[in-house]
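**Student:** below is the structure, and that's it, no one-letter string:
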């Protein structure tokens, strides 16, 4: 869908359609097709006159958003690669959670905010790709809308945790999340929408002032400065004390908990010293630690920490009153690591 049209407020859309000489109620019909049905072509607007559709097509040419590849995991996870208007590719993941009787409990979608990523994190397949461009709000919304249609089920949770650093595309990300949060659109509660950042201080401070109760997650991965700089070199200019100060302000301002994403990597960030540093960093913060299993990445020297290490970390963090969980690995049999499937497809296309 065209980004300008999708982000146009209903009042402005009504004024525009009236200026073209059509009744005001036609704007409501168009708005519903855009935000309730998430149509991908103007021809889908079956109750909108052809003359209105023609005007829309001339004023707002459609951007291409098509499925390039789709994989389905044994656990029900579906990974998508979409081709955008400029032939670039971007990944999205649909993650269903089932009840014991096999019925769907909830459907979470992990969306990308950029084509590639400028952060160059050492453990991330997307980081090897480099940065191409920001996604616009329509491209973010379309990821969720496509997954919802593909599962034929309502999306209940969104995580902006795919390719890219969302706070380096702040305005378009927030614009998209407001659309998804709107009662007129996907109607996903703000507390069920999580933004994951490498720790961009400006973005954290801006989010603290937003009226919506979006959830904040920090890709921490080490509370030892030298180790974190090694793993996340583009974040080295923002020190851990500066990050903790920003989070302290955020929590005080919003009274909302922060989640820390911590990928336990064998021999890199899983020592007793690393654990002590994490406990110290969490001290005084309203926070939760998500210990992440590591999906293997072809060509990477990094390996997952042992199950014994993971278990001891959970016990020790909990003993210090730090709420901790381990995220279940999803889609490991379908190129589960972020950027892995897309990079493999690009390599296949160019060889």
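**Tutor:** Yes, it's here. None of these values were measured; they are calculated from a predicted model.
**Student:** from now on I want contacts and neighbour counts done on CA atoms only, so please keep to that.
**Tutor:** Noted.
**Student:** so who does the closest residue to residue 254 other than its chain neighbours touch?
**Tutor:** Excluding the flanking residues, the one nearest residue 254 by CA to CA, 6 or more residues apart in numbering is residue 208, at 6.2 Å. By CA atoms under 8 Å, 6 or more residues apart in numbering, the residues touching residue 208 are 249-250, 253-254.
**Student:** phi, psi for residue 208 please.
**Tutor:** Here is the backbone geometry of residue 208 (degrees, to the nearest 10): phi -60, psi -20.
**Student:** next one: the one 3 residues further on
**Tutor:** Torsion angles at residue 211 (phi, psi; degrees, to the nearest 10) stand at phi -70, psi -30.
**Student:** could you check how far it is from residue 9?
**Tutor:** To residue 9, residue 211 is 18 Å away according to CA to CA, to the nearest Å.
**Student:** can you pull out the helices in the chain?
**Tutor:** 3-6, 10-19, 25-35, 50-59, 125-129, 137-151, 170-181, 201-207, 225-231, 240-254, 272-282, 307-319, 340-350 (DSSP state H).
**Student:** burial count for residue 58?
**Tutor:** 9 (other CA atoms under 10 Å).
**Student:** any idea how far it lies from residue 5?
**Tutor:** Distance from residue 58 to residue 5, by CA to CA: 12 Å.
**Student:** so where's this protein shaky on pLDDT?
**Tutor:** 296-299, 335-351 (pLDDT under 70).
**Student:** middle-most residue in it, spatially?
**Tutor:** residue 160 (1.5 Å; CA atoms, centre = their mean).
**Student:** tell me who's in contact with that residue.
**Tutor:** Contacts for residue 160 (CA under 8 Å, 6+ apart) come out as 110-113, 166, 193-196.
**Student:** out of the helices of the chain, nearest to residue 69?
**Tutor:** Residue 69 sits nearest to helix 340-350 of all these, at 8.5 Å, using CA to CA.
**Student:** this protein - how does it break down into domains?
**Tutor:** 3-59, 66-350 (automatic domain parsing).
**Student:** hey, which of those domains is tucked in deepest?
**Tutor:** Among the domains of the chain, domain 66-350 has the highest mean neighbour count (mean count of other CA atoms under 10 Å), at a mean of 18.
**Student:** measure how far that domain is from the centre of its chain, please.
**Tutor:** 6 Å (CA atoms, centre = their mean, to the nearest Å).
**Student:** who does the strand ranked longest in the chain pair up with?
**Tutor:** Identified as the longest strand of the chain according to DSSP state E is strand 89-98. Strand 89-98 has its sheet partners listed here by DSSP bridges as strand 78-83 (antiparallel), strand 104-111 (antiparallel).
**Student:** which residues touch residue 96?
**Tutor:** Per CA under 8 Å, 6+ apart, neighbours of residue 96: 76-77, 104-108.
**Student:** list just the nearest of the residues you listed to residue 223.
**Tutor:** Of all these, residue 223 sits closest to residue 108, with 28.5 Å by CA to CA.
**Student:** was I right about that closest one contacting residue 94?
**Tutor:** Yes: counting by CA atoms under 8 Å, residue 108 touches residue 94, with 6.0 Å between them.
**Student:** just to revisit the earlier point, okay if I get the contacts of residue 96 as CSV plus distance to residue 236?
**Tutor:** Shown next, in CSV, are those (distance: CA to CA, whole Å):
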residue, distance to residue 236
76, 37
77, 34
104, 41
105, 40
106, 37
107, 35
108, 31
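**Student:** max pairwise distance over those residues: which two?
**Tutor:** 77 and 105 (13.7 Å).
**Student:** from residue 301, how far out is residue 265?
**Tutor:** As for residue 265, its distance to residue 301 is 10 Å (criterion: CA to CA).
**Student:** touching, residue 165 and residue 199? I think so.
**Tutor:** No: contact status for residue 165 versus residue 199: not in contact, 9.3 Å apart, counting by CA under 8 Å.
**Student:** any idea how far residue 51 is from the residue nearest to residue 106 when sequence neighbours are not counted?
**Tutor:** The shortest distance from residue 106 to any non-neighbouring residue, by CA to CA, 6+ apart, is to residue 97 (5.3 Å). Relative to residue 51, residue 97 is positioned 44 Å away (CA to CA).
**Student:** same check, this time on residue 198
**Tutor:** Distance of residue 198 to residue 51, given as CA to CA: 47 Å.
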